[in-house]
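Trainee: just need the structure, nothing else, for what follows:
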Amino acid sequence: MPVGLLSVELHLPGARSLKDKRMTLRSVKDRLKKFNVAVAETDHHDLWQRASLGIVAIGTTDVHVDQELTAAVREIERTEPGLITQTHIEFLK
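Mentor: Residues are numbered from 1 along each chain as shown. The predicted structure is shown next:
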């Protein structure tokens, strides 16, 4: 059973406080619920304009997991264009 881990680095230029950052991240996390993935903020907890998210998906095939994680990236870009600075997908077996 493959497990995929997507690491996403975000730049939040509109955030003027941690409260602004949390509101944006909450919106992103809420949008990703429909993709059957788990999401957590993994780094940069005290920085206003920077965030790291870890997104995990489990599936029956590598292809299915990759599709779910790619769809999550597309959804972030669609709803909050320009936030993503870096992504990395790895498979844990």
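Trainee: who touches residue 65 in this structure?
Mentor: 2, 3, 4, 57, 58, 59, 91 (CB atoms under 8 Å, 6 or more residues apart in numbering). Just so you know, the C-beta spots here come from the backbone N, C-alpha and C atoms, and that holds for glycine as well.
Trainee: can I get the residues you listed in CSV with pLDDT?
Mentor: CSV is the format used below for these (pLDDT from 0 to 100):
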residue, pLDDT
2, 94
3, 96
4, 97
57, 96
58, 95
59, 93
91, 95
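Trainee: show me where the protein has its helices.
Mentor: Under the criterion DSSP state H, the chain contains helices at 18-32, 62-79.
Trainee: export those to CSV and tack on mean pLDDT and distance to residue 12?
Mentor: Below are those laid out as CSV (pLDDT from 0 to 100; distance: least, CB to CB, whole Å):
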stretch, mean pLDDT, distance to residue 12
helix 18-32, 94, 6
helix 62-79, 94, 12
